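> got a predicted structure here, sequence first:
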Amino acid sequence: MRRLLLLRHAKTETDAPSGRDKDRRLDHRGHRDAAEIGGWIAHHPPFPDRVFVSPAVRAAQTWEIVHEAMKGLAPQPKVEFLPELYGADPTQLLTTIRMASVTDPKRLMLVGHNPGMHELALTLTGSGEDAARRALSDNLPTSGLAIFDFATNDWDEVSFRRGKLVLFVSPKLLKQASRS
């Protein structure tokens, strides 16, 4: 079995001082939400063995905050910053996921952007928990995390509609659950 974790970057400033989209940074809420989802990940192993991160500032910052929450709790994952994750569509993202077959981690995390990440999550979903599927159908919000299992031992065999959506969580859903 292979596990894929899709994490959308946290909330950002509207415009970067440079005017370039790739340079947008996390805002106050983004820092808080990234820390919250990082804390959630830290308390819900297993952790990723390998992480592919978009080189956009907001994705890198999100990963740094999430990674900080996991330190000391598990072996440190191998991390790669991949330019192809920025602005990628679902087909490009699937190609990137299949590249993991070279190093063959059991658990892979992608830290990236919408609309590609949300579209990928929707197209990977073949089965899974109904409430999670409904929640994910609307959006993969900032700091949203979708976790999929694939009944294969080879990343090359991961394909659309073959994933089981194990869990979908976001800071908003965590807040709603704590009120219940």
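Right, received. Where do you want to start? Residues are numbered from 1 along each chain as shown.

> switch to C-alpha atoms for all contacts and neighbour counts from now on
Noted.

> run through who's touching the helix or strand of the chain with the lowest mean pLDDT.
Within the chain, no helix or strand scores below helix 171-179, which has a mean of 83 by mean pLDDT, DSSP states H and E. Outside helix 171-179, the residues within contact range by CA atoms under 8 Å, 6 or more residues apart in numbering are 33, 36-37, 143-144.

> report all helices and strands that the host helix or strand of Trp40 contacts.
Using DSSP states H and E, Trp40 sits within helix 28-42. Counting contacts by 3 or more CA pairs under 8 Å, 6 or more residues apart in numbering; DSSP states H and E, helix 28-42 is packed against helix 57-70, helix 171-179.

> recalculate using a threshold of 6 Å.
helix 57-70 (3 or more CA pairs under 6 Å, 6 or more residues apart in numbering; DSSP states H and E).

> quick one: buried residues of the following helix or strand past the helix it packs on?
Following helix 57-70 in sequence order, the next helix or strand is strand 78-81 (DSSP H and E). Using 16 or more other CA atoms under 10 Å as the test for burial, strand 78-81 gives 79, 81.

> strand 78-81 pairs with which strands?
strand 50-53 (parallel) (DSSP bridges).

> other residues contacting the partner strand?
77-82, 108-111 (CA atoms under 6 Å, 6 or more residues apart in numbering).

> so which pair among these is furthest apart in space?
Pro77 and Leu82 (15.3 Å; CA to CA).

> so where is this structure shaky, pLDDT-wise?
Low-confidence segments of the chain, defined by pLDDT under 70: 180.

> mind redoing it with 90?
Along the chain, segments meeting pLDDT under 90 span 13-21, 45-46, 69-76, 129-132, 134-135, 138, 172-180.

> now the angle between helix 28-42 and the least confident helix or strand of the chain, please.
In terms of direction (axes from the mean of the first three to the mean of the last three CA atoms, to 10 degrees), helix 171-179 departs from helix 28-42 by 70 degrees.

> list the buried residues for helix 171-179?
Buried, per 16+ other CA under 10 Å, within helix 171-179: Pro171.

> what of stretch 95-103?
Neighbour-count burial for stretch 95-103, with 16+ other CA under 10 Å as criterion, is recorded at 96-98, 100.

> cool, stretch 67-86 as well?
Per 16+ other CA under 10 Å, stretch 67-86 contains these buried residues: 67, 69-70, 77, 79, 81-82, 85-86.

> what about that stretch, start to end distance?
20 Å (CA to CA, to the nearest Å).

> pull the contacting residues for Cys152.
You called it Cys, but residue 152 is Thr. Neighbours of Thr152 in contact, by CA under 6 Å, 6+ apart: Met1.

> could you do Leu165 as well?
125, 128, 147-148.

> much appreciated, bye for now.
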